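Student: could you look at this predicted model? Sequence included:
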2 protein chains.
Amino acid sequence: MSFLDHVTRLNRHDLRGFRPFAIGDAVVGHVRHALAERLKDFSAFQVTGERVLLSPALSEVEARTEAMAEVAETLVADGIVPKIRLEEYPVMARPGGSILMRINRAAVPHFGIIAFGVHLNGYVRRPDGPHLWIGRRSRTKNVAPGKLDNMVAGGMGDGLGPRETLIKECGEEAGMPPALARRAHPAGAITYTMELGPELAGDSRQEGLRRDVLYCYDLEVPADFTPVCQDGELEDFRLMPVAEAMRLVDTTDDFKFNVNLVIIDFLIRHGHLDPDHPDYLALVSGLHR
Amino acid sequence: MSFLDHVTRLNRHDLRGFRPFAIGDAVVGHVRHALAERLKDFSAFQVTGERVLLSPALSEVEARTEAMAEVAETLVADGIVPKIRLEEYPVMARPGGSILMRINRAAVPHFGIIAFGVHLNGYVRRPDGPHLWIGRRSRTKNVAPGKLDNMVAGGMGDGLGPRETLIKECGEEAGMPPALARRAHPAGAITYTMELGPELAGDSRQEGLRRDVLYCYDLEVPADFTPVCQDGELEDFRLMPVAEAMRLVDTTDDFKFNVNLVIIDFLIRHGHLDPDHPDYLALVSGLHR
């Protein structure tokens, strides 16, 4: 796939297949019509043909979170949600707003909730050109097993901000000491909205609307540092010339779907991809939808 | 004005006040309804209540360009367009597409044509922190006289691409030798659509719809290089701590309107503005509309 194919794939969606999911006046997500009909069976929701409203009787964060946890468990038993995961994600009316409730990570796309993550471009300047540290995902991962990945990446689920999440993940995924991780600097964010489903994502266990915000960080890594994965999420690391990563993104599907976008953003910001590329402006805007 | 105020200001527009301007099947701009009515007087256009179409009889780039030049001269005589300028801008169906015609720079916003420019963040790493080279615009400029500006900036009007335009402007505006200018690297692009008019832009001579694509370049400038303006467009230069430029953008209107966005983009990419800022995601997406 080309640079633009990756960006297009991650923004393919049709909201007509969904209805808004609201807490009070705030639309916090989108639910497929079929799931919306199923949610009529739960007292936690008020469902009309127009929208799914969390029951106004659930007025506290704690009560909402508990009710959603029960719903999620039932949906797992139904086989609609694949399995409960260990992380809970905050639900907000807008990024940075107050937390309205928490929802199990496994149910996030089913309700079309925005999810936040951090990705680190770890790079080394060498006499033969800049290199990126690239990991290979474990073959046992649920999502994108065996695909190439950034040096460090992770979801923000447990109440930590972007910076704290990054430092934690740098330790877990790359064995990086906090003093080095703190030298990473934020370099922007990419956003996308991707419709999931059996025919769409090529993975029948993924369903709903994946709305991601990925905070991108850059870190120039000392030549004598070698990442070592501590938590088994990555199989190994290789130091790859930027030109080779660029070629793989532009011509293959070897990287995890959203990592392609993180690398395209890096290539643009560092001038490896330049305005002479016919898709330059489409790529720049496509990373921020 | 705050960071977000600048971004919001440059994206304020209401297309209901305009009708599309088309060449063949391609919508290349937008024309205010009042101007559209006036254009009925010219054989170069076919005007309906729905749109302004360039006459299909004008099938060649050269003929279209000549017809538009005549129209522009009449509009100047009418006092609608302020004055003819020395540059002609290419008109394309989409960025990077083939050129459909050329139009005098002064008439570009009246027809809502996308304009392309280049802006250079010239910076120096010093022991006391990073500094940006900031120019002050001549008091005789038509647009934003006396305002602070990037080290180098210019419109792409005369058939040069972004890189060639940048190198040319680096010479004219900063007295920079081509060998140094060539070390600048592209770092992305920002886009905005701003409605102009007496009450909107605070400048009665500006009218229409300003749709700009600004290619942003970064250049780390050697400590012993001092820019000297060659063409009189900038009055002087100062080397300003990034933190001071950041404060001015966030709290004043001292910079030229669109330079605020170029600096915000620089601050985000280099990590001076971080995800803890409450407007971070609104800024990131607001720079790419």
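Tutor: That came through fine.
Student: quick one, what contacts the residue of the stretch 51-200 of chain A found nearest chain B?
Tutor: Among the residues of the stretch 51-200 of chain A, A:H185 lies closest to chain B, at 2.9 Å counting by CB to the nearest CB. (Each C-beta comes from the backbone N, C-alpha and C, glycine too.) Contacts for A:H185 (CB atoms under 8 Å, 6 or more residues apart in numbering or on different chains) come out as A:217-219, B:270-271, B:274.
Student: now with 6 Å?
Tutor: Residues counted as contacts of A:H185 (CB atoms under 6 Å, 6 or more residues apart in numbering or on different chains) are A:218, B:271.
Student: beta partners for it?
Tutor: Counting by DSSP bridges, A:H185 is bridged to A:D218.
Student: now the host helix or strand of A:A22 - C-alpha only, PDB.
Tutor: For A:A22, the host element (DSSP states H and E) is strand A:18-23. Taking Å, rounded to 0.1, in the frame of the first residue of the first chain, the C-alpha atoms of strand A:18-23 are listed here in PDB:
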ATOM      1  CA  PHE A  18     -24.200   4.200  13.500                       C
ATOM      2  CA  ARG A  19     -26.300   6.400  15.900                       C
ATOM      3  CA  PRO A  20     -24.800   8.800  18.400                       C
ATOM      4  CA  PHE A  21     -24.100   7.600  21.900                       C
ATOM      5  CA  ALA A  22     -24.700  10.400  24.400                       C
ATOM      6  CA  ILE A  23     -24.100  11.000  28.100                       C
END
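Student: for A:S204, report the pLDDT, please.
Tutor: On pLDDT, A:S204 comes in at 49.
Student: ok, now how distant is A:V76 from A:V61?
Tutor: Remark: distance between A:V76 and A:V61 (CB to CB, to the nearest Å) = 22 Å.
Student: wait, A:N258
Tutor: As judged by CB to CB, A:N258 and A:V61 stand 29 Å apart.
Student: higher neighbour count, the two?
Tutor: Using other CB atoms under 10 Å in any protein chain shown as the criterion, A:N258 and A:V61 rank with A:N258 on top: 23 against 15.
Student: what helix or strand is that one on?
Tutor: With DSSP H and E as the test, A:N258 turns up in helix A:257-269.
Student: and that helix, how far out from the chain middle?
Tutor: Here helix A:257-269 is found 13 Å from its chain centre; the criterion is CA atoms, centre = their mean, to the nearest Å.
Student: put the alpha carbons of it into PDB.
Tutor: Output of helix A:257-269 as PDB, limited to C-alpha atoms (Å, rounded to 0.1, in the frame of the first residue of the first chain):
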ATOM      1  CA  PHE A 257      -1.900  -0.200  10.500                       C
ATOM      2  CA  ASN A 258      -1.600   2.900  12.600                       C
ATOM      3  CA  VAL A 259       2.200   2.800  12.900                       C
ATOM      4  CA  ASN A 260       2.300   3.600   9.200                       C
ATOM      5  CA  LEU A 261       0.700   7.000  10.000                       C
ATOM      6  CA  VAL A 262       3.100   7.700  12.900                       C
ATOM      7  CA  ILE A 263       6.100   7.100  10.500                       C
ATOM      8  CA  ILE A 264       4.500   9.100   7.700                       C
ATOM      9  CA  ASP A 265       4.200  12.000  10.200                       C
ATOM     10  CA  PHE A 266       7.900  11.600  11.200                       C
ATOM     11  CA  LEU A 267       8.900  11.500   7.500                       C
ATOM     12  CA  ILE A 268       7.000  14.800   6.900                       C
ATOM     13  CA  ARG A 269       8.300  16.600  10.000                       C
END
